[in-house]
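S.K.: Below is the sequence, then the predicted model.
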Amino acid sequence: DNNQGGASGGAGGSGEFRPAVDVFDTESAFVVHVSLPGAKKEDVAVNWDADKSELVIGGVITRPGDEEFLKTLALDERREVGAFDRKVRLGSRANPAQVDVDAIGAKLEDGILRIEVPKLDKDYVEIRKVDVE
């Protein structure tokens, strides 16, 4: 599977890798850390899928250097290069996260994408005034 023969051409398999994720469930927000070493913020997209209560993180990480330089690749061990697509469910299927979609923020720093997903106040979501006639 992982042969040590010369420099192999291109990425093996689908070429997609699955970045590692930490999820912190604090009182006021979900905080998600995604390991993306070498990523540029313009090559990373973060979306919220409300139907599935999922963060969808996608993009591409390229090796630095021009084409001539990249042809000299002699050892190919960095798995976090190429296209990636990662879905992270917040809450559970039975109890999906109630989040403030407009306030979701993301910041790429030191190879870590930090996504903050503020929770809606439960009472705020649940209580709806009903007019009594």
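M.R.: Yep, that arrived. Numbering: from 1, shown residues only.
S.K.: Give me the three-state assignment for residue 113.
M.R.: strand (DSSP: H, G, I helix; E, B strand; the rest coil).
S.K.: check contacts around the residue nearest the centre of the chain.
M.R.: Nearest to the mean C-alpha position of the chain, counting by C-alpha atoms, centre = their mean, stands residue 57 at 3.3 Å. Applying C-beta atoms under 8 Å, 6 or more residues apart in numbering to residue 57 gives the contacts 19, 34, 44-46, 84-88, 113, 115. Every residue, glycine included, has its C-beta placed from N, CA and C.
S.K.: ditto for residue 117
M.R.: 29-32, 48, 55, 90, 97, 99-100, 104.
S.K.: Excluding chain neighbours, what is closest to residue 56?
M.R.: Using C-beta to C-beta, 6 or more residues apart in numbering and skipping residues adjacent in sequence, the residue nearest residue 56 is residue 47, 4.5 Å away.
S.K.: Now name the helix or strand holding the one you found.
M.R.: Using DSSP states H and E, residue 47 sits within strand 44-49.
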